[in-house]
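Chemist: The sequence and its predicted three-dimensional model are supplied below.
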Amino acid sequence: MRATGPDTITKFLFTSGSTKMPKAVINTHRMWCANQQQLRQSIPALGEEPPVLVDWLPWNHTFGGNHNVGIVLDNGGTLYIDDGKPTPAGMAETLRNLREIAPTIYFNVPTGFEAIAHAMETDAVLRRNLLSRVKMFFYSGAALSQPVWDSLHKTQEAEVGERIVMGTGLGMTESGPFALYVTGLEVKSGDIGLPAAGIEIKLIKVEGKTEVRYRGPNITPGYWRAPEATAEAFDEEGFFSTGDAVKWIDDQNIHRGLRFDGRIAADFKLATGTFVSVGPLRAKIIGAGAPYVQDAVLTGINLKEVGALIFPTQKVRQLAGLGAEATMQQVLESAPVQAYFQEVANTLAAAGTGSANRIARLHLMAEPPSIDKGEVTDKGSINQRAVLKHRAALADAMHADTLPFTLKPR
């Protein structure tokens, strides 16, 4: 114990591999302790009472293993391990646990909050218990669509007479993970806020976007036994290059903070040489198809136009009007669903101003993204690179006009 100090390695955590091969991130005691202090200064509610968490997030990932386990240890709280997951099969267990145990702060990824928002509309026991003492919801991993956010607020106002604070931000395995956090009251989907205490950020123009870079006590010293990757990750001033693109929420008021603008490495070029900005375009698809779109993967690398593989929510079953025994394939191929998404295709195309932001074709995916194949990261966000790898034949068929039920704007 006497030999343990701030720079002692406490664990290795692997990156999610959403754009590159996973790497072993060195986590030190300095990183973990500094990050917990940053959390407490950003979220005063953590220190007001011992926190109670009901949490499924895996400990091999920074959100579950550092962020949430650290909150419980550092603040003398209680952690109930949720055996469920934000999947069609696992969500029933999560909902059962939330009917029994009331958290004071609740963390999940966007797909989990979507299922909870949908369930609370009809489940009085879930509403009553989950909202009985929770002071804050917190999501991470991907953008939470505005319709889900609105549904949560509507239920909260009806049940307890006020909205529960929805916290979010931006971070990564290399930042401990807490880095940016939304502190204002006027929060919208995609907002990530301001740097936590002790973190310096630098904004750099990269490939037509603005990359955010970090420097501070919570930033990793590098990757284990990978000196070249470590050197590549830091710039000449010692700032960590995140690969995350950002924009100001309000150009006239920087104190409102930043919005997420996608992963720079996820962007791609069309055959014309025009860059496709994946993050904002995915957000437009999710918004246009709400509440029936969970996520989307963009296609068209080195082709002339952009396509979209759309992963629907379970709520699309209500739109189809079929019985519970209908398969998801039958639901998606039903006339009402096809008609609805034809209008979505028309709307998206009409909003496009050029080939790089115009969705020229889309297809509804009956098979959800696979965690086992890496199509979903440990954060619960979509891994565009993995989906395109495993479903290359389907994407090729969509662009070759040989895939049935491919929708094009009219």
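Modeler: That came through, no problem.
Chemist: For residue 396, grab the count of nearby residues.
Modeler: Look at residue 396: counted by other C-beta atoms under 10 Å, it has 13 neighbours. In short, each C-beta sits where N, CA and C put it, glycine included.
Chemist: host element of it?
Modeler: Per DSSP states H and E, residue 396 falls inside helix 392-399.
Chemist: Just the CA coordinates for that helix, please, in PDB.
Modeler: Output in PDB follows, covering the C-alpha atoms of helix 392-399 (Å, rounded to 0.1, in the frame of the first residue of the first chain):
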ATOM      1  CA  ALA A 392     -21.900  -5.400 -46.600                       C
ATOM      2  CA  ALA A 393     -23.800  -7.700 -48.900                       C
ATOM      3  CA  LEU A 394     -27.200  -6.100 -47.900                       C
ATOM      4  CA  ALA A 395     -25.900  -2.600 -48.300                       C
ATOM      5  CA  ASP A 396     -24.500  -3.500 -51.700                       C
ATOM      6  CA  ALA A 397     -27.800  -4.900 -52.800                       C
ATOM      7  CA  MET A 398     -29.700  -1.800 -51.600                       C
ATOM      8  CA  HIS A 399     -27.500   0.400 -53.700                       C
END
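Chemist: Just checking, which helix or strand succeeds that helix along the chain?
Modeler: Following helix 392-399 in sequence, per DSSP H and E, is strand 406-407.
Chemist: Break down the stretch 51-200 of the chain into its helices, ranges please.
Modeler: 62, 69-74, 91-100, 110-120, 124-130, 146-160 (DSSP state H, counting those that start in this stretch).
Chemist: okay, the ones you listed, which one's buried deepest?
Modeler: helix 62 (a mean of 31; mean count of other C-beta atoms under 10 Å).
Chemist: Mind splitting the protein into its structural domains?
Modeler: The chain breaks down by automatic domain parsing into domains covering 9-261, 267-407.
Chemist: Take the ones you listed and lay them out in TSV including mean pLDDT and distance to residue 2.
Modeler: Shown next, in TSV, are these (pLDDT from 0 to 100; distance: least, C-beta to C-beta, whole Å):
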stretch	mean pLDDT	distance to residue 2
domain 9-261	92	13
domain 267-407	92	35
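Chemist: Give me the helices and strands touching the helix holding residue 396, please.
Modeler: strand 293-299, strand 306-312, strand 359-364 (3 or more C-beta pairs under 8 Å, 6 or more residues apart in numbering; DSSP states H and E).
Chemist: Deepest in the core, which of these is it.
Modeler: Taking mean count of other C-beta under 10 Å, strand 293-299 is the most buried of the helices and strands packed on helix 392-399, at a mean of 26.
Chemist: what is the orientation angle of it with helix 392-399?
Modeler: For strand 293-299 against helix 392-399, the angle by axes from the mean of the first three to the mean of the last three C-alpha atoms, to 10 degrees is 80 degrees.
Chemist: chain center to strand 293-299: distance?
Modeler: 13 Å (C-alpha atoms, centre = their mean, to the nearest Å).
Chemist: could you give the angle of that strand to helix 110-120?
Modeler: Using the same axes, to 10 degrees: strand 293-299 against helix 110-120 is 150 degrees.
Chemist: Which residues does stretch 109-119 contact?
Modeler: 56-57, 86-87, 91, 94-95, 98, 108, 126, 130, 137, 139-145, 148, 151-152, 155, 294-295, 313-315, 379-381 (C-beta atoms under 8 Å, 6 or more residues apart in numbering).
Chemist: what's the spacing between stretch 397-410 and its chain's center?
Modeler: How far stretch 397-410 lies from its chain's middle: 28 Å, per C-alpha atoms, centre = their mean.
Chemist: Tell me the buried residues in it?
Modeler: 398-399, 403, 406-407, 409 (16 or more other C-beta atoms under 10 Å).
Chemist: can you list the residues you listed in CSV and add distance to residue 326?
Modeler: CSV is the format used below for the buried residues of stretch 397-410 (distance: C-beta to C-beta, whole Å):
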residue, distance to residue 326
398, 23
399, 29
403, 21
406, 21
407, 20
409, 27
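Chemist: Tell me the one among these nearest to residue 37.
Modeler: The closest of the buried residues of stretch 397-410 to residue 37 turns out to be residue 398 (C-beta to C-beta; 49.1 Å).
Chemist: Three-state assignment for the closest residue to residue 28 other than its chain neighbours, please.
Modeler: Among residues not flanking residue 28 along the chain, residue 7 sits closest, at 5.4 Å (C-beta to C-beta, 6 or more residues apart in numbering). Under DSSP: H, G, I helix; E, B strand; the rest coil, the three-state class of residue 7 is coil.
Chemist: Need the contact partners of the longest helix along the chain.
Modeler: Scanning the chain for the longest helix, with DSSP state H as the assignment, gives helix 335-351. Residues from elsewhere that reach helix 335-351, judged by C-beta under 8 Å, 6+ apart: 284-285, 288-289, 292, 310, 316, 319-321, 331-332, 357-362, 364, 405, 407-410.
Chemist: Just the CA atoms of it, as CSV, please.
Modeler: What follows is helix 335-351, C-alpha atoms only, in CSV (Å, rounded to 0.1, in the frame of the first residue of the first chain):
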residue,chain,number,x,y,z
ALA,A,335,-48.4,-1.5,-45.9
PRO,A,336,-48.8,1.1,-43.0
VAL,A,337,-45.1,0.9,-42.0
GLN,A,338,-43.9,1.1,-45.6
ALA,A,339,-46.2,4.1,-46.2
TYR,A,340,-45.0,5.9,-43.1
PHE,A,341,-41.3,5.4,-44.0
GLN,A,342,-42.0,6.4,-47.6
GLU,A,343,-43.0,9.8,-46.2
VAL,A,344,-39.9,9.8,-44.1
ALA,A,345,-37.8,9.2,-47.2
ASN,A,346,-39.6,12.0,-49.0
THR,A,347,-39.1,14.4,-46.1
LEU,A,348,-35.4,13.7,-45.7
ALA,A,349,-34.7,14.0,-49.4
ALA,A,350,-36.6,17.3,-49.5
ALA,A,351,-34.3,18.7,-46.7
